[in-house]
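Participant: please find the sequence and the predicted model below.
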Amino acid sequence: MNKMVINNLLYRPIRSLISVLAVGIEVTLILLIVGLSLGMLNDSKARQSGIGADVIVRPPGSTNFTGLTGAPVSIKVADILRKQPHVTAVTPVYTQFVSSGALEVIYGIDLDSFNAVSGGFTYIEGGPYKGPNDIIVDEFFAATKKYQVGDNLEMLSHTFRICGIVENGKGARKFLQISTLQELNDNKGKASIFYAKLDHPSLAPEVVATMKKIPGMEQYNIISLKEWLDLMRPDKIPGLSIFISTVVGVAVCIGFIVIFQSMYTAVMERTREIGILKSMGASKGYIVRLIVSETVLLTLAGISFGILFSITARFGLVQKFPTIRLIIDPAWVLKATIIALIGSILGAMYPAFRAAQKDPIDALAYE
């Protein structure tokens, strides 16, 4: 049977190649889209963790997504937080969400307090701010257009000078002085978010409860970093699970339709061949196994192609766009493999049973 399966596939090379490519596209679509979604999510979690804070304080009505809150509260909230037990450092941050060119969040920071919470930047090139129009960028952003210290950067309808390039992982990829970002948005003395560092991270739940009891801060969105990280999972982010399920569903439909069409056409073209097999004593189960075996072989070839293409595409995308975080998760490689196999086998079942039901006399008389 194995020799017959291989010969049947090689006899129709174009159709077999199209089936392999369809399954490969199915697997690639799943791995790249899911990998991009999970990569961006994990990157955001890693950069928030890199700030070094134990408690995150946001204004009332804000979401847990950094950068979407604007700057609605007084920066003096930081002074109130610094007075709380076990709080060793607090830094206010003004976040600005921008969509021109690329979706990103810019941080306006007070460098001294930010360093106190985060442990300070690790400079690859350059150093701290020297003027109000200076900007610090991380290494991934600098790599996008080969930026160097001293280069000008057009942003927010202003020209900024890159004064420092730092290691990534401290929240944003671009950092202005908080006073500069406040002035650009006519929000002097305002902040979007406050990061607090504690003497003992294990005391975060207790400190969060204490902060929520401060008069005037009962409605603030106050959360420990550990709790925030737990919320940043695909199953807990509104819409992300639906998005991933939709992508998987579309991918399965692609594989199912192409395999169904390929196997159905192959069965119709091989009517006499099937008649000969049945006249020689081949059972219905044998015919079904023959068609399904061809499908599984095509699918495995397509899965291998899809995985290799996804890995190659990931490497190319990261080289072309250094700020993109795209991961090929082994768990999703296994899921994509199972999904592709199930979808392909389902697509082949009707053609296989159709072939098994053919009458050998009618099949031999077929022209």
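Facilitator: On my side now, so go ahead. Numbering: from 1, shown residues only.
Participant: name the strands paired with the lengthiest strand in the chain and say parallel or antiparallel.
Facilitator: Ranked by residue count, the top strand of the chain under DSSP state E comes out as strand 87-98. Each strand paired with strand 87-98, and its direction, by DSSP bridges: strand 104-109 (antiparallel), strand 193-198 (antiparallel).
Participant: which parts of the chain are strands?
Facilitator: According to DSSP E, the chain carries its strands in the segments 55-58, 73-74, 87-98, 104-109, 123-126, 134-138, 152-155, 158-166, 174-177, 190-191, 193-198, 221-224.
Participant: circling back to that earlier point, pLDDT of the longest strand of the chain, averaged?
Facilitator: The average of the pLDDT scores along strand 87-98 is 91.
Participant: including distance to Ala313, could the strands of the chain go into CSV?
Facilitator: Backbone N, C-alpha and C define where each C-beta goes, glycine included. Listed next are the strands of the chain as CSV, based on distance: least, C-beta to C-beta, whole Å:
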stretch, distance to Ala313
strand 55-58, 35
strand 73-74, 43
strand 87-98, 27
strand 104-109, 23
strand 123-126, 28
strand 134-138, 24
strand 152-155, 29
strand 158-166, 28
strand 174-177, 27
strand 190-191, 40
strand 193-198, 35
strand 221-224, 36
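Participant: now for these, which one comes closest to Ile18?
Facilitator: strand 104-109 (39.9 Å; C-beta to C-beta).
Participant: Val105 and Thr95 touch, don't they?
Facilitator: Yes: using C-beta atoms under 8 Å, Val105 is in contact with Thr95, at 5.5 Å.
Participant: just the pLDDT at Glu139, thanks.
Facilitator: 93.
Participant: residue contacts, it?
Facilitator: Neighbouring residues of Glu139 by C-beta atoms under 8 Å, 6 or more residues apart in numbering: Ile124, Ile165, Val166, Glu167, Asn168.
Participant: could I get these in TSV, plus columns for distance to Lys236 and pLDDT?
Facilitator: Shown next, in TSV, are those (distance: C-beta to C-beta, whole Å; pLDDT from 0 to 100):
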residue	distance to Lys236	pLDDT
Ile124	35	95
Ile165	34	96
Val166	31	96
Glu167	29	94
Asn168	25	92
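Participant: just the buried ones from those?
Facilitator: Ile165, Val166, Asn168 (16 or more other C-beta atoms under 10 Å).
Participant: name the nearest residue to the last one, sequence neighbours excluded.
Facilitator: Closest residue to Asn168 in three dimensions, ignoring its sequence neighbours and counting by C-beta to C-beta, 6 or more residues apart in numbering: Asp138, at 4.1 Å.
Participant: which residues does that neighbour bridge with?
Facilitator: With DSSP bridges as the rule, Asp138 is bridged to Val166.
Participant: would you mind measuring from it to Glu167?
Facilitator: Distance, Asp138 to Glu167, using C-beta to C-beta, to the nearest Å: 7 Å.
Participant: so for stretch 199-213, first residue to last residue, what's the gap.
Facilitator: 20 Å (C-alpha to C-alpha, to the nearest Å).
Participant: got the buried residues for it?
Facilitator: Using 16+ other C-beta under 10 Å as the test for burial, stretch 199-213 gives Pro201, Leu203, Ala204, Val207, Val208, Met211.
Participant: kindly report the same for stretch 244-260.
Facilitator: Neighbour counts over stretch 244-260 (16+ other C-beta under 10 Å) mark Ile244, Val247, Val248, Ala251, Val252, Ile254, Gly255, Phe256, Val258, Ile259, Phe260 as buried.
Participant: how many neighbours does the nearest residue to Thr337 once chain neighbours are set aside have?
Facilitator: In space, and not counting its chain neighbours, Thr337 is closest to Ile303: 5.3 Å by C-beta to C-beta, 6+ apart. Residues lying near Ile303 (other C-beta atoms under 10 Å) number 24.
Participant: which residues touch Ile303?
Facilitator: Going by C-beta under 8 Å, 6+ apart, the list of residues near Ile303 reads Val23, Gly24, Val27, Ala336, Thr337, Ala340, Leu341.
Participant: Trp228: which of the contacts of Glu139 is nearest?
Facilitator: Asn168 (19.4 Å).
Participant: need the contact list for the closest one.
Facilitator: Listed by C-beta under 8 Å, 6+ apart, the contact set of Asn168 reads Arg47, Asp138, Glu139, Phe140.
Participant: tally of neighbours for the last one?
Facilitator: By the criterion of other C-beta under 10 Å, Phe140 has 18 neighbours.
Participant: got it, and the second one?
Facilitator: The criterion is other C-beta under 10 Å. On that basis, Asp138 has 24 neighbouring residues.
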